[in-house]
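J.: Sequence first, predicted model second:
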Amino acid sequence: MMVQKDLILDQQPLIKADQLTRLYGINKGCEQIDLELYAGEVLGIVGESGSGKSTLLRCLAGIESIDSGTVDYESTIGQLRLHDLAESERRRLIRQEWGFIQQNPRDGLHLEMSAGANISERLMSQGERHYGRIRQQALDWMQRVELDPARIDDKPKNFSGGMQQRLQIARNLVSGPSILFMDEPTGGLDVSVQARVLDLIRKLVRELNVAVVLVTHDIGVARILADRLIVMRNSRIIETGLTDQILEDPQAPYTQLLVSSILRV
Amino acid sequence: MNQTILEIQGLSKTFTLHNQGQISYEVLNNINLRVSKGECIVLHGPSGMGKSTLLRCLYASYLSNAGHIYLYDGEQSYDLTQLNERILMQIRRHKIVYVSQFLRVIPRVPCLQIVMQPMLDLGYEIDQAEQRATELLCSLNIPERLWNLSPTTFSGGEQQRINIAREFTVHRPLMLLDEPTASLDTKNRETVIELILQAKASGSAIIGIFHDEVSRKQVADRLFDLKTGDFYD
């Protein structure tokens, strides 16, 4: 990477949502969402349970259909209007160009397949057929997520929750995605394991320069990972800003309540 | 000569606490200040006057309620109160040093990595970043056996020196220093003053808070009184 001397002022967003709406009922879902995601940044979406943040994430990732509005993705072959694409094409995006980290790693892994096979799946779907190279990449990624490479042939059903989550991260990052979607990535983990997974995510995201959309109800997680935040309540965005600004000088009444409720050690 | 780096016009900051009876209190009212290349302005006055608040407004951690903050960079000028978040992030990374009173880090990340990170973010090679980081850690007397440990368990003075090392790795045109010499012993304080004088010599415009008179006398070109808007030599 070159030393960047000047500011990049006229960058195209990777994802642009315009008046995105997906409602299941009044204030249930997400409503009139405008947002942009740029290469290499970590965008945190915070808010209480039921505020619509997971729905928004799934709409941005094209997993969920939408009622109205648009989501545009700046792909390597040009701009794509996400919800106009065939479902097969959206599935290809989420498998090959993006990654999606589920809160529960058991939803994002094949528990009956070996750890190595879990990591390799995306490489093979991208057309890699050379066994030795696939094996080597899987071994490298075991190490990068701090898993013992000797366990490459073990099935993840025998791994701890933290190990499973790290395997899910490796499985998603091996294919070099441009965007990584994460839904409460440390939500189901013990506190002692959380810090390790968070640090790992932070490190890999920087090394790979991947853009991240992170949904979390945990402000501590957002503080560590996110460059900027979107605060949601009752299906709408109520505040946006740089992470430190939102946490140190929240403007909306709800955000002030949210931030003042953080327990400090 | 006398090239302006930072110009603050009519800056005001009021906090409104919505969940505590809608209380509003004004901390800054109509601040006007200009800082030139290589100049160090020290904010003057007792605690609670809004000195740290002003630095945080300049770093855009606090949103200003009125006024403008212009950062001049060659041909370009940016109003920090008006920029979108993406540009602001880049401006911080490239143009602004901010030494806060407390080191805030992520558990598990070792010192050396913390100090290298701003250079890595700017795209410097790992070797270059490591060389500069170790240089600073040495001059600030952080023993090598601590370099691969997370500073979360370090003493206050050690944490502050890590904080300073991290912020002094690369030259940036604007420096905001919130009591960088507090809780340091004499020897380390002299090192930090030396670093600040070097930064001035290389053209950084500095706004700082220094409670100890020794440091203040060595670095300050002028003192600025936030309440009255007056300058002292």
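T.: Structure's in. What do you need? Please read all numbers here as calculations on a predicted model, not as lab measurements.

J.: CA only for contacts and neighbour counts going forward, please
T.: OK.

J.: Quickly run through the sheet partners of the helix or strand harbouring residue A:23, with directions.
T.: When elements are assigned from DSSP states H and E, residue A:23 belongs to strand A:15-25. Strand A:15-25 has its sheet partners listed here by DSSP bridges as strand A:28-37 (antiparallel), strand A:68-75 (antiparallel).

J.: Could you dump those into a markdown table and include mean pLDDT and mean neighbour count?
T.: Formatted as a markdown table, the strands paired with strand A:15-25 follow (pLDDT from 0 to 100; neighbours: other Cα atoms under 10 Å in any protein chain shown):
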| stretch | mean pLDDT | mean neighbour count |
| --- | --- | --- |
| strand A:28-37 | 96 | 19 |
| strand A:68-75 | 96 | 18 |
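
J.: Redo those strands as CSV? Include distance to residue B:2.
T.: Formatted as CSV, those follow (distance: least, Cα to Cα, whole Å):
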stretch, distance to residue B:2
strand A:28-37, 40
strand A:68-75, 45
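
J.: can you tell which of the ones you listed is closest to residue B:87?
T.: Ranking the strands paired with strand A:15-25 by proximity to residue B:87 (Cα to Cα) places strand A:28-37 first, at 13.0 Å.

J.: Which other helices and strands does the helix or strand following that closest one contact?
T.: Note on strand A:28-37: by DSSP H and E, the next helix or strand toward the C-terminus is strand A:42-46. Secondary-structure packing of strand A:42-46 (3 or more Cα pairs under 8 Å, 6 or more residues apart in numbering or on different chains; DSSP states H and E): strand A:211-216, helix A:219-225, strand A:228-233.

J.: Now distance to chain B too, for the ones you listed, in CSV please.
T.: Below are those laid out as CSV (distance: least, Cα to the nearest Cα, whole Å):
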stretch, distance to chain B
strand A:211-216, 13
helix A:219-225, 7
strand A:228-233, 7
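
J.: if we can go back for a sec, tell me the buried residues in the strand holding residue A:23?
T.: The neighbour-count check on strand A:15-25 (16 or more other Cα atoms under 10 Å in any protein chain shown) flags A:15, A:16, A:17, A:18, A:19, A:20, A:21, A:22, A:23 as buried.

J.: Nearest to residue B:104, out of those residues: which one, please.
T.: Closest to residue B:104 out of the buried residues of strand A:15-25 is residue A:15 (30.7 Å), distances taken as Cα to Cα.

J.: interface residues of chain B facing chain A?
T.: B:16-19, B:60-63, B:85, B:87, B:89-91, B:94, B:106-109, B:122-125 (Cα under 8 Å from any Cα of the partner chain).

J.: Can you say which of those residues are buried?
T.: Buried members of the residues of chain B next to chain A, scored by 16+ other Cα under 10 Å, are B:16-18, B:60-63, B:85, B:87, B:89-91, B:94, B:106, B:108-109, B:122, B:124.

J.: All the strands of chain B, residue numbers only.
T.: Listed in chain order, the strands of chain B (DSSP state E) span B:4-17, B:23-36, B:40-44, B:66-73, B:76-79, B:96-99, B:174-178, B:205-209, B:222-225, B:231-232.

J.: Quick check: neighbours of the first one in the sheet, parallel or antiparallel?
T.: Strands that pair with strand B:4-17, judged by DSSP bridges, come out as strand B:23-36 (antiparallel), strand B:66-73 (antiparallel).

J.: what comes into contact with the first one?
T.: In this structure, residues lying in contact with strand B:23-36 by Cα atoms under 8 Å, 6 or more residues apart in numbering or on different chains are B:2-17, B:41, B:49-50, B:53-54, B:67, B:205-207, B:226, B:229.

J.: avg pLDDT for stretch A:165-175?
T.: Regarding stretch A:165-175, the rounded mean pLDDT is 95.

J.: Can I get that stretch in PDB, CA atoms only?
T.: C-alpha atoms of stretch A:165-175 as PDB (Å, rounded to 0.1, in the frame of the first residue of the first chain):
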ATOM      1  CA  GLN A 165     -17.100 -18.000  15.700                       C
ATOM      2  CA  ARG A 166     -13.500 -17.700  14.700                       C
ATOM      3  CA  LEU A 167     -14.000 -20.500  12.100                       C
ATOM      4  CA  GLN A 168     -17.000 -18.700  10.800                       C
ATOM      5  CA  ILE A 169     -14.900 -15.500  10.300                       C
ATOM      6  CA  ALA A 170     -12.200 -17.500   8.500                       C
ATOM      7  CA  ARG A 171     -14.800 -19.100   6.300                       C
ATOM      8  CA  ASN A 172     -16.200 -15.700   5.300                       C
ATOM      9  CA  LEU A 173     -12.900 -13.900   4.800                       C
ATOM     10  CA  VAL A 174     -11.000 -16.500   2.800                       C
ATOM     11  CA  SER A 175     -12.600 -15.400  -0.400                       C
END
